[in-house]
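Visitor: Show me the folded form of this:
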Amino acid sequence: MLKYAARLIYLGPALTFGLGAAFVAAAYRLGASPADPAAWQGFLALAPLVREPVYLVAGLPGSGDAAAFVVFATAALAGVVIAFSSRPTGRARFIHAHLAFLMLFLSMGRAGVFSAGNAEIGIGPASLTDWTLDFSSFPAIGVGLFAVVALTCAASHRSVIRDMIARQTAMQKVESRRTRHSTVVAGAALAVVGAIATAAWASEWGPFGPSPLINACEQVKGHLHCWQ
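Guide: A predicted model of the protein is given here:
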């Protein structure tokens, strides 16, 4: 149940980009039917939420309203795929969520949510500067969507950090296995060398001291050449 709830939260960025595409469509509809009250209602409802990001994309060199619609619609579909994908999509989810966050942040900034103070700014303890956020100039649905997208960003941060820790742990385990394997190989090599040295010593001296052949060679040393 918690897993499916998390997937629904990940749909927040997709919904944000979908609203951008819907705003472009509403603008086209308003241009085609300027006397339609429903067209005006849809346009004015979406304008405070996504107007600034859409105008930013549409105003890029070589871009336009059609390109903006394609960009936001593609981003919305990509968000749905990322949210319900069974494969690891940590980085894609991270980028997608933060782009949606910046999109809403821009809209809220232009709406004056983050503006502080007024024309009568004081200095010192008597300052009239007000640093509280003013959400009255932004739609409530936009504030809620911003909270969901911010939660998605936090979850993507957690996922990326968890993946980094898991990757580091896996690398440490691999390095530990390599060290253990090298130790075993070195121990086996030392055992083989020790066995060979022991066998050579036993064949030269025998189990009860030097062999008679070696004693004979020592006795005639300097007089005869002893071939073993």
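Visitor: measure V70 to L145 for me?
Guide: 22 Å (C-beta to C-beta, to the nearest Å). Placement of C-beta: from N, CA and C, glycine included.
Visitor: who has more neighbours, those two?
Guide: Between V70 and L145, counted using other C-beta atoms under 10 Å, L145 has the larger neighbour count: 19 against 15.
Visitor: quick one, phi psi at the closest residue to F138 other than its chain neighbours?
Guide: Beyond its immediate neighbours in the sequence, the residue positioned closest to F138 (C-beta to C-beta, 6 or more residues apart in numbering) is A111, lying 4.7 Å away. Dihedral angles of A111 (phi, psi; degrees, to the nearest 10) stand at phi -80, psi -10.
Visitor: Make sure A111 is actually in contact with A47.
Guide: No - taking contacts as C-beta atoms under 8 Å, A111 lies outside contact range of A47: 10.2 Å.
Visitor: Between these two, tell me which one has more neighbours.
Guide: With other C-beta under 10 Å as the criterion, A111 and A47 differ in neighbour count, and A111 comes out ahead with 20 against 17.
Visitor: list the contacts for the more buried one?
Guide: By C-beta atoms under 8 Å, 6 or more residues apart in numbering, the residues touching A111 are P48, S137, F138.
Visitor: Also A45?
Guide: Contacts of A45 by C-beta under 8 Å, 6+ apart are P139.
Visitor: ok, and for stretch 24-37, which residues are buried?
Guide: Applying a neighbour-count criterion of 16 or more other C-beta atoms under 10 Å, one finds V24, A25, A26, A27, R29, L30 buried in stretch 24-37.
Visitor: The fifth one is in contact with Q41, isn't it?
Guide: Spelled out, it's R29. No - judged on C-beta under 8 Å, R29 makes no contact with Q41 at a distance of 10.7 Å.
Visitor: Next, T132: secondary structure please.
Guide: coil (DSSP: H, G, I helix; E, B strand; the rest coil).
Visitor: pLDDT value on it, please?
Guide: You'll see T132 listed with a pLDDT of 73.
Visitor: Near it, how many other residues are there?
Guide: 6.
Visitor: mind checking how far it is from A58?
Guide: Using C-beta to C-beta, we find T132 at a distance of 33 Å from A58.
Visitor: same thing with V185?
Guide: Distance, V185 to A58, by C-beta to C-beta: 65 Å.
Visitor: ok, now which ones touch the residue nearest to F72 when sequence neighbours are not counted?
Guide: When the adjacent residues along the chain are set aside, F72 lies closest to G20, with 3.5 Å between them (C-beta to C-beta, 6+ apart). When contacts are counted by C-beta under 8 Å, 6+ apart, G20 is found next to V50, P53, V54, V57, A68, F72, A75, A76, M103.
Visitor: what about 10 Å?
Guide: Contact partners of G20, counting by C-beta atoms under 10 Å, 6 or more residues apart in numbering, are 46, 49-51, 53-54, 57, 68-69, 71-73, 75-76, 100, 103, 107.
Visitor: Let's test this: mean pLDDT of the strand or helix carrying it, rounded?
Guide: With the criterion set as DSSP states H and E, the secondary-structure element containing G20 is helix 11-32. Helix 11-32 shows an average pLDDT of 94 in the prediction.
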